[in-house]
Structures are given as structure tokens and as C-alpha cells.
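Chemist: Here you go, sequence then predicted model.
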Amino acid sequence: MLTTRFTGGAPNWLDIGTPDIDGAVDFYRALFGWRFRSAGPEAGGYGFFELDGDTVAAGTQTAPERGPSSWTVYFHSPDADATAEAAVRAHGSVLTPPTDVLDRGRTAILGDRSGVPFGVWQPGEVKGLDLFEAPGALCWLELYTADIAAAAGFFHTVLGWETSSITFPGGIYTCVNPTGAGEDALFGGLVPLPDDPVEAGSPAYWLPYFEVTDPDATAARTRELGGTVRSEPVDLPDVGRTARLADPYGARFAVLRSARPAA
């Protein structure tokens, strides 16, 4: 599960870069009920998506030449500089060097062995997001990659992840969690890109999942708002009902109504 009791290697932040921040704000407000609050004039247009006062994501406007809108996932690091150095040693890359964000924390954007961007956040005054696993909040992550073994090895070295496998009809799903935290700390999975018909031909990337009460209604609303339903809602045994979507500017995300264990 995702939790605000952040430990090393666990997800602790999420933001979107989009060529139309006003349009993105309108879309996610209508879809999830998010409100956007500017981080102030010194933040260069960066701001926070909030749900009932809790920060659930963030976003900023990006130059059109940077391509379509996309989500970036950040992971807790006690030392962003050391994590960046570890990424390079593990044959990854530093896309944006470690830098202080006022007194709120220190961050860097790194690339894994396949070049897929991800962030690290070394907390200062801001520890991370305020809410997980509630409707409208982040509840799971997946890395679509052509080489699961290489990704698992890279993130074990850089962020200290452990992997475990779940067998299901038709294959094996690789789960990830911070080292030593156990199954209760599972927060995502590694998915073989070529084996997925929706993702075939796509470059590797991170996909955030948001909890919803009705994936079918959320998918229909996404279409109404100009987004795309990339994969129709489907039931997954012991997981829940899920759909893969994209906003009107190309940012890919998924929604999930989680299956809850019986009381």
C-alpha cells in the first residue's frame, strides 16, 4: 500500500508537465474534483492539485517542443545527490541535476537504463503528498518496460527495491516494494511492454493509477472531456476494476476501483 509514512525508495510525489496547464486543470477538476493552487510567483508556474485541502499531485506548464503531456513519479531519497550518483553507476542518467526547491526539499530527475524519467525527492519542509489510496488519489504505479530484469536490478541498486511475483492466468506479475518493508508496502509493478497489446510499440514509461469509485463512469467522462480511453474498464480478480486512459494532451494514467478484502 501507499502511505504518507515515507521510507527510502517509496513513492512520495507526482507531477504532470503539460503544454496547457489551464486545460489540464479544467480536465482533472472535472474528472477527479481536484483544485489547483499556485506555489507562488517564485515557483515559475508550478502548483499543487488538491482534494479537500490535501495535496494529491502537482503540475506545471512545459514548452510545446518537450512533447505531449506526461506524469513524472518521484521516490523518497534521504540524499538526492547520492541517489543521482548511484543512478549513473547503475548505467542510468541524470536528466536534471539535484537542486534545492526553496526550503521545501531537494530534487533530481533521473533516467533508468532505458532512459525512462523518474524523480527523487529529498524532503525538507515538504515530506510528500498528503493523501493516497482514497478516491481521486494515487493508489498504484506501473513501469512499462521491455526488460523487467534490467529494471528490477537498476532500481534495487539505486532505490533499494525488492521484487516479488504473483502468478495469474496467462503470466506472472512483478511487484515492487522498498527493501525490508514486506508485502504490506507493495506500491507498484513492472510490466513487460511488448506483451501488452495496448502498449506494444510504445517507449517505456511510468503509469500512475488513481483510485475511483466507478471506473466505467470515469472512462466515459474522460471521453466527454476530450481525453482517450486506451483500455476499456475490465475486472481483474483480487485486484479490482481498472481502465487505462489519457488526458486531452496525451498524459497517460489509469484508474482503479480496488478490491477490498472481506471484513
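Modeler: Received the coordinates, thanks.
Chemist: how much space is there between the closest residue to residue 102 other than its chain neighbours and residue 55?
Modeler: When the adjacent residues along the chain are set aside, residue 102 lies closest to residue 42, with 7.1 Å between them (Cβ to Cβ, 6 or more residues apart in numbering). (Each C-beta comes from the backbone N, C-alpha and C, glycine too.) For residue 42, the distance to residue 55 equals 18 Å [Cβ to Cβ, to the nearest Å].
Chemist: Ok, residue 142 next?
Modeler: 22 Å.
Chemist: now do residue 257
Modeler: Residue 257 sits 23 Å away from residue 55 when distances are taken as Cβ to Cβ.
Chemist: so which helix or strand takes in the residue nearest to residue 211 when sequence neighbours are not counted?
Modeler: Distance criterion Cβ to Cβ, 6+ apart; nearest residue to residue 211, sequence neighbours excluded, is residue 139 at 4.1 Å. Using DSSP states H and E, residue 139 sits in strand 138-145.
Chemist: again with residue 149
Modeler: Judged by DSSP H and E, residue 149 forms part of helix 148-159.
Chemist: Going C-terminal from that helix, what's the next secondary structure element?
Modeler: strand 161-168.
Chemist: got the angle between that following strand and helix 148-159?
Modeler: Using axes from the mean of the first three to the mean of the last three Cα atoms, to 10 degrees, the inter-axis angle of strand 161-168 relative to helix 148-159 is 150 degrees.
Chemist: Strand 161-168 pairs with which strands, parallel or anti?
Modeler: Using DSSP bridges, the strands paired with strand 161-168 are strand 171-178 (antiparallel).
Chemist: For the strand it pairs with, the averaged confidence score.
Modeler: Confidence for strand 171-178, expressed as mean pLDDT, is 92.
Chemist: In the stretch 151-263 of the chain, where is pLDDT below threshold?
Modeler: 261-263 (pLDDT under 70).
Chemist: All the strands of it, residue numbers only.
Modeler: Secondary structure of the stretch 151-263 of the chain (DSSP state E, counting those that start in this stretch): strands located at 161-168, 171-178, 188-192, 205-211, 228-236, 240-246, 252-258.
Chemist: out of those, nearest to residue 148?
Modeler: Closest approach to residue 148 among the strands of the stretch 151-263 of the chain (Cβ to Cβ): strand 188-192, 4.7 Å.
Chemist: By neighbour count, which bits of that closest one are buried? Give me those.
Modeler: 188, 189, 190, 191, 192 (16 or more other Cβ atoms under 10 Å).
Chemist: for the second one, what are its contacts?
Modeler: The one in question is residue 189. 140, 141, 142, 143, 173, 174, 175, 176 (Cβ atoms under 8 Å, 6 or more residues apart in numbering).
Chemist: swap in the fourth one?
Modeler: Contacts here follow Cβ under 8 Å, 6+ apart; on that basis residue 191 touches 142, 143, 144, 145, 148, 173, 174, 199.
Chemist: Most neighbours among those residues, which one?
Modeler: Within the contacts of residue 191, neighbour counts (other Cβ atoms under 10 Å) peak at residue 145, which reaches 26 neighbours.
Chemist: Beta-bridge partners for it, please?
Modeler: Per DSSP bridges, the residues bridged to residue 145 are residue 192.
Chemist: my read: it touches residue 154, true?
Modeler: No. Residue 145 is beyond contact range of residue 154, at 9.7 Å (criterion: Cβ atoms under 8 Å).
Chemist: one step back: may I have the strand holding residue 139 as PDB, with CA atoms only?
Modeler: Coordinates of each C-alpha in strand 138-145 appear next as PDB, following Å, rounded to 0.1, in the frame of the first residue of the first chain:
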ATOM      1  CA  LEU A 138      -2.700   7.900  -6.300                       C
ATOM      2  CA  CYS A 139      -3.100   4.200  -5.400                       C
ATOM      3  CA  TRP A 140      -0.600   2.200  -7.600                       C
ATOM      4  CA  LEU A 141       2.200   2.600 -10.100                       C
ATOM      5  CA  GLU A 142       3.400   0.600 -13.100                       C
ATOM      6  CA  LEU A 143       6.600   0.800 -15.100                       C
ATOM      7  CA  TYR A 144       6.000  -0.500 -18.600                       C
ATOM      8  CA  THR A 145       9.400  -1.700 -19.800                       C
END
